[in-house]
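Asks: here you go, sequence then predicted model.
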Amino acid sequence: MTGNNGQNNQVFKMLELKGLSRRNFIKYCSATAALFGLDYSFGFRFAEAATAAIGKKPIIWINGQGCTGCNCSLLSSLSPGPAEILLDLVSMRFNTTIMNSAGYLSADTLLETAEEGGHILLVEGSIPTADPRYCMVEGMAFDELLRKSSKNAAAVVAVGTCSAFGGIPRAGITGAVSVEEIITDKPVVNIPGCPFNPNWLVGTLLYYLNFNELPPLDNLNRPQAYFGNHFVHDTCPRVGYFEKGQFLTNWNDPSTIDWCLLKMGCKGPVTHSDCNRIWFNDGVNSCIRSGSPCAGCVEPQFYKELAPLYVSPLIADGAVLEPVAQPVRGIDPASVALGAGVVAAPFIAYKVAELLKKNKDGDKEHGE
């Protein structure tokens, strides 16, 4: 690695004190580079850019209408995890969840950093528009704080589905909207999830620190590396049962407990995410692998249009969808169609209809 070796070594020593060796950090950066479609050799460049950036790239993390779940998702990572990588390699100037200061001390730090500019603004939670009193932060309406904090920001990142698309608050009475509906004069990177996977944020920041530009985004401004043109369904550990038309219908039947969760409300066929490749909780598990159907939490339709969570997105009131044409897969194709309470990804809808029709015909043959 080139650059300021003295500073880099100092940073590596800090990381090693927390259990993250130089070798493992470079391996982490290499894996991140690979997800962005870059050669593994970029891992060295990512590591160098990250260690050289310490104390240089301030971060402001503000919270609107949300549950702080994304903050907790990051900070609860085991050591060594994304929390150590992120918090040791950037200057976290403002984050109400973890900072010691309060009152005017924290408010002054926030406003001074925002005025100074060049910072990365991370926004968690949606923005209410029905009445500013629904969310007041540091004595001002949250939409006002958002505008002030983003004015001189080098990059704006919406972390979690609430800030990216409105999320659960959007289903309520507060008139909740996303960050990019308020900030329209500069690009906003959306990293949705309820909560998001910390690796998605860390990887995005490593890319930005290395290239000084945002990573390739899909048509919803999500990093292609993590959301791109693949569905949760594509890498589902239960996909074999889906192909055989075996769907779980009774949670209490141990003989079918590992079958496809489509009929139990799984939104994996219409959800763009790599949850089954980059697991949560430091690689321990993912929603489907732990027995829960995918809730589609990284999509704009979450929560309101994808509720109830345990109702199938491809079958409404027991009726099977008619087969539809299979689209050509591209980067984030228009795979979600909403209407009459039915969500359909065309190819999956065709496949499900085909399988269920086959099962129904088989039942008739056997007189069931």
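Replies: Arrived safely, thanks for sending. All values reported here derive from a predicted model rather than from experimental measurement.
Asks: and the pLDDT at N71?
Replies: N71 is assigned a pLDDT of 89 by the prediction.
Asks: and for the one 5 residues further on?
Replies: In the prediction, the pLDDT value recorded for S76 is 74.
Asks: what is the burial count for it?
Replies: Counted with other C-beta atoms under 10 Å, the neighbours of S76 add up to 14. (Glycine included, C-beta is placed from N, CA and C.)
Asks: using the three-state scheme, assign T204.
Replies: Three-state call for T204 (DSSP: H, G, I helix; E, B strand; the rest coil): helix.
Asks: then R93?
Replies: R93 ends up strand, using three-state DSSP.
Asks: C260 bridge partners, please.
Replies: F247 (DSSP bridges).
Asks: my guess is it contacts Y241. True?
Replies: Yes - at 4.4 Å, C260 and Y241 qualify as touching, with contact defined as C-beta atoms under 8 Å.
Asks: which stretches of the stretch 1-150 of the chain form strands?
Replies: Along the stretch 1-150 of the chain, the segments classed as strands by DSSP state E, counting those that start in this stretch run 58-63, 91-95, 120-124, 136-137, 140-141.
Asks: pick the most buried one from those.
Replies: With neighbours defined as mean count of other C-beta atoms under 10 Å, the strands of the stretch 1-150 of the chain peak in mean count at strand 120-124, which reaches a mean of 27.
Asks: identify the contacts common to C260 and Y241.
Replies: F247 (C-beta atoms under 8 Å, 6 or more residues apart in numbering).
Asks: neighbour-wise, which of the two wins?
Replies: Taking other C-beta under 10 Å, C260 and Y241 do not tie; C260 has more neighbours (27 against 18).
Asks: for that one, what are its contacts?
Replies: Counting by C-beta under 8 Å, 6+ apart, C260 has contacts C236, R238, V239, Y241, F242, Q246, F247, L248, C266.
Asks: if you set the cut-off to 6 Å instead, what comes out?
Replies: When contacts are counted by C-beta atoms under 6 Å, 6 or more residues apart in numbering, C260 is found next to R238, Y241, F242, F247.
Asks: select, out of the strands of the stretch 1-150 of the chain, the one closest to E181.
Replies: Of all the strands of the stretch 1-150 of the chain, strand 120-124 sits nearest to E181, with 11.9 Å by C-beta to C-beta.
Asks: any idea of the mean pLDDT for that closest one?
Replies: 96.
Asks: show the secondary-structure elements that it is packed against.
Replies: Counting contacts by 3 or more C-beta pairs under 6 Å, 6 or more residues apart in numbering; DSSP states H and E, strand 120-124 is packed against strand 58-63, strand 155-159.
Asks: ok so, going back, comparing the strands of the stretch 1-150 of the chain, which gets the lowest mean pLDDT score?
Replies: Among those, strand 91-95 scores lowest, with a mean of 85.
Asks: can you redo the helices and strands packed on strand 120-124 as JSON lines with distance to N219?
Replies: Output for those, formatted as JSON lines (distance: least, C-beta to C-beta, whole Å):
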{"stretch": "strand 58-63", "distance to N219": "26"}
{"stretch": "strand 155-159", "distance to N219": "15"}
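Asks: relative to A141, which of those strands is closest?
Replies: That would be, of the helices and strands packed on strand 120-124 and by C-beta to C-beta, strand 58-63, which comes in at 12.3 Å.
Asks: ok, and what's touching the closest one?
Replies: With C-beta under 6 Å, 6+ apart, strand 58-63 has contacts from 90-95, 113, 119-125, 149.
Asks: tell me the confidence at E299?
Replies: Reading off the model, E299 has pLDDT 94.
Asks: how many neighbours does it have?
Replies: Using other C-beta under 10 Å: E299 sits among 26 other residues.
Asks: which ones are touching it?
Replies: So E299 contacts T271 (C-beta under 6 Å, 6+ apart).
Asks: could you do the one 3 residues further on as well?
Replies: Remark: with contacts taken as C-beta under 6 Å, 6+ apart, F302 is in contact with T161, G296.
Asks: 10 Å - rerun?
Replies: With contact taken as C-beta atoms under 10 Å, 6 or more residues apart in numbering, F302 is in contact with 161-162, 164-168, 170-171, 192-194, 267, 271, 295-296, 309.
Asks: and what of A153?
Replies: Counting by C-beta under 10 Å, 6+ apart, A153 has contacts 58-60, 113-114, 117-122, 183, 186.
Asks: repeat that for 7 Å
Replies: H119, I120, L121 (C-beta atoms under 7 Å, 6 or more residues apart in numbering).
Asks: tell me where the model's unsure across the protein.
Replies: 1-56, 78-89, 282, 313-368 (pLDDT under 70).
Asks: quick one: the helices in it?
Replies: 5-17, 22-35, 42-52, 69-75, 82-89, 104-116, 142-150, 161-165, 198-211, 239-243, 280-283, 346-365 (DSSP state H).
Asks: including distance to R277, could the strands of the stretch 1-150 of the chain go into CSV?
Replies: Shown next, in CSV, are the strands of the stretch 1-150 of the chain (distance: least, C-beta to C-beta, whole Å):
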stretch, distance to R277
strand 58-63, 26
strand 91-95, 28
strand 120-124, 24
strand 136-137, 35
strand 140-141, 39
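Asks: for those strands, which one sits closest to G69?
Replies: Short answer: strand 120-124, nearest of the strands of the stretch 1-150 of the chain by C-beta to C-beta, at 8.5 Å.
Asks: which other residues reach the closest one?
Replies: 57, 59-64, 66, 70-71, 146, 149-150, 153-160, 163, 179.
Asks: quick one: it to helix 104-116, angle?
Replies: 130 degrees (axes from the mean of the first three to the mean of the last three C-alpha atoms, to 10 degrees).
Asks: partner strands of strand 120-124, parallel or antiparallel?
Replies: Assessed with DSSP bridges, strand 120-124 is paired to strand 58-63 (parallel), strand 155-159 (parallel).
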